[in-house]
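Asks: take a look and give me a structure for this.
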Amino acid sequence: LSSDLVSLKIIDKREHAQNVELISGISKIIEGVLARFSLINESELGSMFRDDGIDIYTAIQEKAIILFILNPLIYPELAPLIGKLILIDSKKAVSKLYQNNQSRVFYLFDEINVYASPNLINLINKSRSANVTCILATQSLADLEYLAGDAFKQQLIENCNNYIVMRQNSAKSSEEWSKIIGTRPTMEVTYKIEQKSSNTESTGYGSAKRVREFIFHPDDIKALKTGEAFYISRDNNTYIKVKINKPF
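Replies: Okay, the predicted model is just below:
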C-alpha cells in the first residue's frame with residue numbers, strides 16, 4: 001500500500017521509508033502476539049476462545065454453573081489476564097440482563113487479588129440493577145492494597161453491604177475491619193475507691209459517661225478460631241458471630 005501511494009505521488013520516498021521501518025517493527029510485535037495466542041490456544045484454556053466455547057450470558061439463560069479455576073502457580077502470567085477477560089464477559093452478560101426479568105444470579109469471585117481491576121468495581125456497581133449478586137473473597141485487605149492501592153480497596157469496601165470476616169492475624173487488618181464494621185454507644189462507669197490499711201473501700205462517688213466502643217474489637221477478630229467468623233449485614237442491620245461448617 002505504501003509503494004502504491006508513492007507511485008501515485010500521494011506520499012514521497014521519505015515517508016515510504018518511514019512506513020517500511022514502522023511495518024518492520026510492528027511485524028515483530030505481531031509475531032510475538034501470534035506466538036502467545038498459539039500458546040493459549042494449545043493450553044487447557046484454549047477451549048474458552050473457540051466458537052463452541054463458554055459464554056456467560058448463555059450459561060445464565062440455561063441456569064448453568066460455570067467454574068473457572070485460574071491457578072496462578074501453574075499460569076502465573078495467564079491467570080490475571082484470563083481473570084480480567086472473565087470480568088469483561090461478566091459485564092457483557094449483565095448488560096444483557098437489564099432487558100430481561102432474570103431470576104437472581106450469583107457471581108462468586110475468589111482470590112480477587114490475583115485479577116482485580118477497575119472492571120470489578122464497575123461490575124459490582126452495575127450488577128445490582130440486573131438482579132446479580134457479586135460475592136468477593138480475598139485473604140486480607142492488604143492483598144487488595146498491594147495490588148491496586150488504597151483507593152481501589154476503599155472503593156471495593158464502599159460497594160459491598162455485607163461482610164463475612166474471618167481471623168486476621170495482622171494487627172492493621174484486624175483494626176481496619178473493626179473500624180469498617182463500626183462502633184456502638186455504651187456507658188462507661190467509673191468508681192472512686194480509697195485504701196484504708198489493707199482494705200479497699202468505695203467512697204460512693206463515681207462517674208458515668210456515654211462513649212462508643214467497637215462492635216467487634218480487633219482482638220476479637222484476631223482471636224477467631226478456624227471456621228468462626230463475624231457476619232455483618234448493612235441490609236438488615238445484623239452483627240453476629242457465626243460458625244462456618246465445611247460441606248464435606
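Asks: please count neighbours and contacts with C-alpha atoms only from this point.
Replies: Fine.
Asks: how close does residue 67 get to residue 112?
Replies: Going from residue 67 to residue 112 by C-alpha to C-alpha, to the nearest Å gives 15 Å.
Asks: more crowded one of those two?
Replies: Neighbour totals were compared for residue 67 and residue 112, and residue 112 leads with 19 against 6 (other C-alpha atoms under 10 Å).
Asks: could you find the closest non-adjacent residue to that one?
Replies: Leaving out its chain neighbours, the residue that sits closest to residue 112 by C-alpha to C-alpha, 6 or more residues apart in numbering is residue 138, at 5.8 Å.
Asks: for this protein, longest helix please?
Replies: Secondary structure of the chain per DSSP state H: the longest helix is helix 13-42.
Asks: and after that one, which helix or strand comes next?
Replies: Next along the chain after helix 13-42, taking DSSP states H and E as the criterion, comes helix 56-61.
Asks: ok, residues contacting that following helix?
Replies: Contacts of helix 56-61 with the rest of the structure, by C-alpha atoms under 8 Å, 6 or more residues apart in numbering, involve 65, 66, 89, 90, 92, 93, 94, 96, 105.
Asks: out of those, list just those in strands.
Replies: If you go by DSSP state E, the contacts of helix 56-61 have residue 105 in strands.
Asks: got CSV for the contacts of helix 56-61, with neighbour count and distance to residue 30 too?
Replies: Converted to CSV, the contacts of helix 56-61 look like this (neighbours: other C-alpha atoms under 10 Å; distance: C-alpha to C-alpha, whole Å):
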residue, neighbour count, distance to residue 30
65, 10, 36
66, 12, 32
89, 16, 25
90, 19, 28
92, 15, 27
93, 20, 30
94, 23, 33
96, 11, 33
105, 17, 39
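Asks: how about the strands in this structure?
Replies: Along the chain, the stretches classed as strands by DSSP E are 105-109, 132-136, 162-165, 183-196, 199-214, 228-233, 238-243.
Asks: for the third one, which helices and strands make contact with it?
Replies: Going back to what we said before, that points to strand 162-165. Strand 162-165 sits against strand 228-233, with contacts defined as 3 or more C-alpha pairs under 8 Å, 6 or more residues apart in numbering; DSSP states H and E.
Asks: compile the contacts of helix 56-61 into CSV and extend it with columns for distance to residue 198 and pLDDT.
Replies: Listed next are those as CSV, based on distance: C-alpha to C-alpha, whole Å; pLDDT from 0 to 100:
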residue, distance to residue 198, pLDDT
65, 72, 88
66, 73, 86
89, 76, 88
90, 73, 90
92, 77, 89
93, 76, 89
94, 74, 89
96, 79, 86
105, 69, 89
